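Asker: no sequence on hand, only this structure:
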């Protein structure tokens, strides 16, 4: 009893150290805890799986660079699936943080070695400013909104962009969004009634669920667990799967600390009553 | 080689930020300022890229209509003139007007009308599905409860009190789910950093950081002084 009571006054630095150990051990020596695929990830997968070869997909990003760890494994998994389905992809970002990540994605997934041709199979438009204004303008006329791609090449010179002139030209919208999600739905998805699948971070996930119920979003990937689920669906072992042991172990630690803290608090209350 | 040097610098930055958990120190402040500087620099570069793609390339290809937004954009710089600062309001008014109009359109239709319509589902699901029916009833009860919690005109007693209580519990469940996801997201970010420290060249920085930590712990003179209070 005394030990539990002492835990209430534990130095937070000890908790930080404990958390570091709990995260580091499964990363060094993976345990292989099972992962259950959620309905949200399954619905996301179904949308991509249903694409026909050559389907035009709009792939957009809007999240701060600090959230890269949550988004990037999702992006890798989804892009691998899109490439396997032979989709043609137009990449764009609504936040200045994101274009370098798209370039990193091309390098990490060796787009050139896979035989994907820039301008024919994929295009990177870079950052589109203005948020709501930029989105509304892009949906109405892509070429008038973005004159050149991320490398400065006029979009009119890119063969793929001859088919991507307005929002309705895209078969599927894939968004990795936390910031500006509601604007994206309001300016592009709902007015043009396009199917949208979203990868998001843990903070934004709960807020997106009503959009799923309303049919505005067809599937959601939630943070790193979303990436792990998608990797399981496409049968690839990536970063998401590798991180899941550490994620689950850290949750066990937090639950244990919450229980210990509450038990100690109840015990303290009881001992105070007795002393009265 | 360049990537390895980059990883070592990144690891040193990560550990400097983490050092704040022990106490505020000069390394933490240095990296904090570096981050702000780099973010500002990145923003400037991206703005130049955007000007190139959205203005310079189309303008050089004959889209002369873009001169109008160019002039409107330049007018914004009149904010720095005491005498002519009123001119920048023309552009600002246009920006606010268009932005508000578009946002309201999105809010009213996509974020309100469609959401309300999605809430109005038949109580008994057809074809008969017990789980879906239960879900629909639960949605109705919780939505009505939550909205009634925000009736401030009447005292929360009787039926309104009971309904408001249901609404409060519904919101607590929603906030709990949101908080749980937030914790999961924050831990994911931490896992990424720990993974980076352990499995890149960043691992060589850990012993150096530990030595620095021990020196700082046993020689308090190295700790940064508290910043002076702002007297303004």
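Answerer: Received, thanks. As the structure is a prediction and not an experimental result, all values here were calculated from the model.
Asker: mind giving me the domain split of chain A?
Answerer: A:2-30+A:244-275, A:39-236 (automatic domain parsing).
Asker: figure out which of the ones you listed is closest to chain B.
Answerer: Shortest distance between chain B and the domains of chain A, using Cβ to the nearest Cβ, is found for domain A:39-236: 2.2 Å. The way it works is simple: take the backbone N, C-alpha and C, and place the C-beta from them, glycine included.
Asker: average pLDDT for that closest one?
Answerer: For domain A:39-236, mean pLDDT is 94.
Asker: can you give me the helices in the chain?
Answerer: The chain I'm using is chain A. A:2-7, A:12-28, A:39-49, A:68-84, A:99-108, A:132-140, A:142-145, A:181-184, A:190-192, A:202-213, A:223-233, A:239-275 (DSSP state H).
Asker: nope, chain B please
Answerer: Using DSSP H, helices in chain B cover B:2-18, B:26-51, B:57-60, B:67-75, B:88-108, B:114-119, B:130-149, B:158-199, B:205-218.
Asker: how about a markdown table for those, with distance to residue A:164, mean neighbour count and mean pLDDT added?
Answerer: Below are these laid out as a markdown table (distance: least, Cβ to Cβ, whole Å; neighbours: other Cβ atoms under 10 Å in any protein chain shown; pLDDT from 0 to 100):
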| stretch | distance to residue A:164 | mean neighbour count | mean pLDDT |
| --- | --- | --- | --- |
| helix B:2-18 | 34 | 16 | 91 |
| helix B:26-51 | 19 | 14 | 92 |
| helix B:57-60 | 16 | 17 | 88 |
| helix B:67-75 | 23 | 13 | 93 |
| helix B:88-108 | 22 | 15 | 90 |
| helix B:114-119 | 26 | 15 | 89 |
| helix B:130-149 | 38 | 15 | 92 |
| helix B:158-199 | 32 | 17 | 92 |
| helix B:205-218 | 45 | 13 | 83 |
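Asker: just so I know, which of those helices lies nearest residue A:71?
Answerer: With Cβ to Cβ as the measure, helix B:158-199 is the member of the helices of chain B nearest residue A:71 (9.8 Å).
Asker: what angle sits between that closest one and helix A:12-28?
Answerer: 60 degrees (axes from the mean of the first three to the mean of the last three Cα atoms, to 10 degrees).
Asker: helix B:158-199 vs chain A: in contact?
Answerer: Yes. Contact of helix B:158-199 with chain A (Cβ under 8 Å from any Cβ of the partner chain) involves B:174, B:177-178, B:181-195, B:198-199.
Asker: quick one: that helix to helix B:130-149, angle?
Answerer: Using the same axes, to 10 degrees, helix B:158-199 lies at 110 degrees relative to helix B:130-149.
Asker: got the angle for helix B:158-199 vs helix A:68-84?
Answerer: 80 degrees.
Asker: how far off centre is helix B:158-199?
Answerer: Distance of helix B:158-199 from the chain centroid (Cα atoms, centre = their mean, to the nearest Å) equals 16 Å.
Asker: what do you get for stretch B:29-44?
Answerer: 17 Å.
Asker: then stretch A:234-241?
Answerer: 14 Å.
Asker: let me see the contact set for residue A:170.
Answerer: Neighbouring residues of residue A:170 by Cβ atoms under 8 Å, 6 or more residues apart in numbering or on different chains: A:56, A:57, A:58, A:90, A:164, A:194.
Asker: got the confidence number for residue B:221?
Answerer: At residue B:221, pLDDT is 64.
Asker: please report how far the nearest residue to residue A:168 once chain neighbours are set aside lies from residue A:218.
Answerer: By the measure of Cβ to Cβ, 6 or more residues apart in numbering or on different chains, the closest residue to residue A:168 outside its immediate chain neighbours is residue A:192, 5.6 Å from it. Between residue A:192 and residue A:218 the computed distance is 14 Å (Cβ to Cβ, to the nearest Å).
Asker: who has more neighbours, those two?
Answerer: A count of neighbours by other Cβ atoms under 10 Å in any protein chain shown puts residue A:218 above the other of residue A:192 and residue A:218, at 21 against 15.
Asker: the more buried one against residue A:43, yeah?
Answerer: Yes. Assessed by Cβ atoms under 8 Å, residue A:218 is found in contact with residue A:43 at 5.8 Å.
Asker: mutual contacts of those two, please.
Answerer: Contacts common to residue A:218 and residue A:43, judged by Cβ under 8 Å, 6+ apart, are A:197, A:212.
Asker: deepest of the helices of chain A, which one?
Answerer: Neighbour counts (mean count of other Cβ atoms under 10 Å in any protein chain shown) averaged over each of the helices of chain A peak at helix A:223-233, with a mean of 27.
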